[in-house]
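Engineer: Sequence and predicted structure are below.
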Number of protein chains: 2
Amino acid sequence: MTTKVESQTPRGRGRPRLFDRTAALDRAMRVFWDRGYEGTTFDELITAMGLSPSSFYNAFGNKEALYREAVGAYLTGPGGFFPKALAGEGSARDAFARLMIATAAAYTDDTGPAGCMISLAGLHDAPERADLRDFMREVRGRSLALMVERLDEGVRNGDLPKGTDVAQIADFFETVFRGMAVRARDGADREMLEKTGVMALDAWPGGRA
Amino acid sequence: MTTKVESQTPRGRGRPRLFDRTAALDRAMRVFWDRGYEGTTFDELITAMGLSPSSFYNAFGNKEALYREAVGAYLTGPGGFFPKALAGEGSARDAFARLMIATAAAYTDDTGPAGCMISLAGLHDAPERADLRDFMREVRGRSLALMVERLDEGVRNGDLPKGTDVAQIADFFETVFRGMAVRARDGADREMLEKTGVMALDAWPGGRA
DNA sequence: TGGTTAGTGGAGCGGTGGCTCCATAAACAG
DNA sequence: CTGTTTATGGAGCCACCGCTCCACTAACCA
């Protein structure tokens, strides 16, 4: 057996890792994204990651810790479209229009599983998974917060009238995004999701474009 | 041991059932509704139903067969609000407005688990559950079909212009309903869901009320 | 009254899911 | 070199999951 060091992390004491931790995490993330937490078995994980159980536990702790890391990898990777679309130029409405298109594309991108890793996770777990469920709810709450922030900015910029109920608008779009994730899982294609997203924009306060 | 016959089904040959099959199914349905298929263990089921394993298998076959029966019980029970709201009087838009309010109420009704038993089930299962997943997708498709039907009727009645893309409208509202189920699971209350539902109606073709 | 059919309680089983242990390997510091 | 630290492969463990078996019970029909 040759021993090739592939790890990207800086050398420390002890035997260096023989695998790329970041790449292994990415592969695990995609399995979780496809199957969810409970639907993914330990064997599937270590097979996808190319690891033995001991290497797995040594590097990632346990299944739940890996899952939390995988969620982080999703948010900064495939899920990065969300803050990016919101942060672009133009009015608040422009930002949300971009967000709709980007979401339709991301949820049907065939380089990964259909839908969203965050939207549908931890909704039907046993009580002993309450911690994971709370974690997922918290993560879901972040997109809501991002939208509220962008809407507040829109109010400050005069894109939206002062006194606008931004929470209500954010709630509405949050609901649409979560629903789009379900639809994507059921096989809705990009065009279909885009139409839904564009139609949702018709509910924008003050009327249509 | 006293032997009291509680079964509602007509007497046949052999020893009569000691439990109420319909009531047991209802209890199982609520556990599945709360935890999903994979999140519900066999022991939880028979405990909730008050059955021994043998009685369970004798009466229901196996876990998957019970689940499918439970879905049927949901559709004719707690899920009955959906076709009922659509079928009421008034214009197509009236029907959908009723549907939004009814959905917000149903998804937050505290006599049962939050959300919808159908919307979020079978989305993250292992490949060996592909049959159940297909089943749930098919069941989800029925609400879409109901909405299309009601929208077609609206076109015939002149509530909507001829040539209206009813599939697109149905897709949009389907997405909103699925999203509302996620939001309800995460703790959204009735008022919040109602606001979202009412806002979705602003996207109704032709403008606002 | 006996034969047939169906329901019940409870012991227990095979598979597997998530995890652990241990002997060994390979890097470091001195 | 030696000693320390960390990584690896692989055997194997325990709990639990969904399910089965069997002796027994209680209704029906002739």
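Structural biologist: Structure received. Residues are numbered from 1 along each chain as shown, chains lettered A, B, ... in the order given.
Engineer: how about low-confidence regions in chain A?
Structural biologist: Chain A contains residues with pLDDT under 70 at A:1-11, A:209.
Engineer: what's near enough to touch residue A:194?
Structural biologist: For residue A:194, the contacting residues are A:100, A:101, A:104, by Cβ atoms under 8 Å, 6 or more residues apart in numbering or on different chains. Heads up, the C-betas are built off the backbone N, CA and C, glycines and all.
Engineer: Just the closest of these to residue B:197, please.
Structural biologist: Taking Cβ to Cβ as the measure, residue A:100 is the one of these closest to residue B:197, at 19.0 Å.
Engineer: Who are the contact partners of the spatially most central residue of chain A?
Structural biologist: Centroid-nearest residue in chain A: residue A:79, 4.1 Å away (criterion: Cα atoms, centre = their mean). Taking Cβ under 8 Å, 6+ apart, we find residue A:79 in contact with A:106, A:116, A:117, A:118.
Engineer: That one and residue A:23, how far apart?
Structural biologist: Taking Cβ to Cβ, to the nearest Å as the measure, residue A:79 falls 18 Å from residue A:23.
Engineer: Return the backbone torsion pair for residue A:189.
Structural biologist: The phi/psi pair for residue A:189 (degrees, to the nearest 10) reads phi -90, psi 180.
Engineer: From what I see, it and residue A:108 are in contact.
Structural biologist: Yes: contact between residue A:189 and residue A:108 holds when scored by Cβ atoms under 8 Å: they sit 5.9 Å apart.
Engineer: State the next helix or strand along the chain beyond the helix or strand where residue A:156 lies.
Structural biologist: Assessed by DSSP states H and E, residue A:156 sits inside helix A:130-157. Past helix A:130-157, further along toward the C-terminus, the next helix or strand under DSSP H and E is helix A:166-185.
Engineer: All the helices of chain A, residue numbers only.
Structural biologist: Counting by DSSP state H, residue ranges of the helices within chain A are A:21-35, A:42-49, A:53-60, A:63-76, A:81-87, A:92-107, A:130-157, A:166-185, A:190-201.
Engineer: Deepest in the core, which of these is it.
Structural biologist: Here the criterion is mean neighbour count by mean count of other Cβ atoms under 10 Å in any protein chain shown, and of the helices of chain A the winner is helix A:166-185, at a mean of 25.
Engineer: That helix and chain B in contact?
Structural biologist: Yes: contact between helix A:166-185 and chain B is present through A:168-169, A:171-172, A:174-183, A:185 (criterion: Cβ under 8 Å from any Cβ of the partner chain).
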